[in-house]
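S.K.: Here's my sequence, what's the structure:
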Amino acid sequence: GYLSIVDADDVCISNTNRQLCALSDTVGRTKASVMAQRARNINPECEVAVIEQFATRETVLEMLDPTDEEAKAKQRPVDYVVDCIDGVDDKAALLTACVQLSLPVITCGGAGGLTDPTLLARTDLICSENDTLLFQVRKKMRQRYGFPQGQPNNAKGLPTWNIPAVHSAETIRSLSSSSSDNDKEQRDDAAEAASSFRACDVSFGTSSVVTGAFGLAAAGFVT
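M.R.: Predicted coordinates:
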């Protein structure tokens, strides 16, 4: 088999509760290199390409379909894209690029503040509900890239986008139980920060049983 792992982030001590790459002796190393090593240890015959870059709005098209002839000659054909980006702009750009290039893709919604892995579902992107990240991504894809309007659960029978999505019906929980306006503002700020890789410590916790379930649901769809 062949895998390309794309991520420029480093392993952080705060990742240890939920990320396979985060161990006491991997903190500070790049996540992509650690995961590549683990994949090779599991299957030495697996070819793993490590791309220590962030997939951003500016880079996704070149990553998927290089214009540079030398890079194009080296790149293996893309069979499937698993999208785990947590920034709205970059996530929308990647999904749009996959549609434009006719590449199969599955996207994952937000996991912060969730605790129940049994509430996960896999639907078309326009049918996902109760997921702020995917809601914002859909909005961005309609406004910036011209995707058609969708309805929750496709209530009006509108055409789907043919982008499968893993998401949860669970209501996000905060560590704070206060309902004061100040605490609400802090929770809103945390929710916004949680949708970006630039933030590490926010008020929403992330459970390993939920993130693992997200990954398995996405991988199960690909295989």
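S.K.: Just the helices from the protein, written as ranges.
M.R.: Listed in chain order, the helices of the chain (DSSP state H) span residues 31-42, 60-64, 69-74, 88-100, 132-145, 181-194, 208-222.
S.K.: pLDDT score for the closest residue to residue 93 other than its chain neighbours?
M.R.: In space, and not counting its chain neighbours, residue 93 is closest to residue 57: 3.9 Å by CB to CB, 6 or more residues apart in numbering. From N, CA and C alone the C-beta is placed, and that goes for glycine too. On pLDDT, residue 57 comes in at 96.
S.K.: Go ahead and confirm residue 89 touches residue 57.
M.R.: Yes: when contacts are counted by CB atoms under 8 Å, residue 89 is listed as touching residue 57 (5.2 Å).
S.K.: which non-adjacent residue is nearest the residue most central in space within the chain?
M.R.: The centre of the chain sits closest to residue 84, judged by CA atoms, centre = their mean, with a distance of 1.7 Å. Sequence neighbours aside, residue 108 is the residue nearest to residue 84 in space, at 5.3 Å (criterion: CB to CB, 6+ apart).
S.K.: and the one you found, what does it touch?
M.R.: Remark: with contacts taken as CB atoms under 8 Å, 6 or more residues apart in numbering, residue 108 is in contact with 82-84, 165-167, 214-215, 218.
S.K.: cool, residue 27 as well?
M.R.: Taking CB under 8 Å, 6+ apart as the contact definition, residue 27 lies against 11-13.
S.K.: would you list those in TSV and tack on neighbour count?
M.R.: Listed next are the contacts of residue 27 as TSV, based on neighbours: other CB atoms under 10 Å:
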residue	neighbour count
11	21
12	14
13	10
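S.K.: gap between stretch 10-19 and the chain center?
M.R.: Here the centre of mass of C-alpha atoms in stretch 10-19, compared against the chain's by CA atoms, centre = their mean, to the nearest Å, lies 16 Å away.
S.K.: And it, what's buried?
M.R.: By neighbour count, with 16 or more other CB atoms under 10 Å as the criterion, the buried positions of stretch 10-19 are 10-11, 15, 18-19.
S.K.: so where is the protein shaky, pLDDT-wise?
M.R.: 150-158, 173-204 (pLDDT under 70).
S.K.: burial count for residue 41?
M.R.: Counted with other CB atoms under 10 Å, the neighbours of residue 41 add up to 9.
S.K.: Next: the one 4 residues further on.
M.R.: Other residues within reach of residue 45 by the criterion other CB under 10 Å amount to 6.
S.K.: burial count for residue 8?
M.R.: The number of residues near residue 8, taken as other CB under 10 Å, comes to 14.
S.K.: wait, isn't it in contact with residue 56?
M.R.: No: shown here, residue 8 and residue 56 do not form a contact pair, counting by CB under 8 Å, at 9.7 Å.
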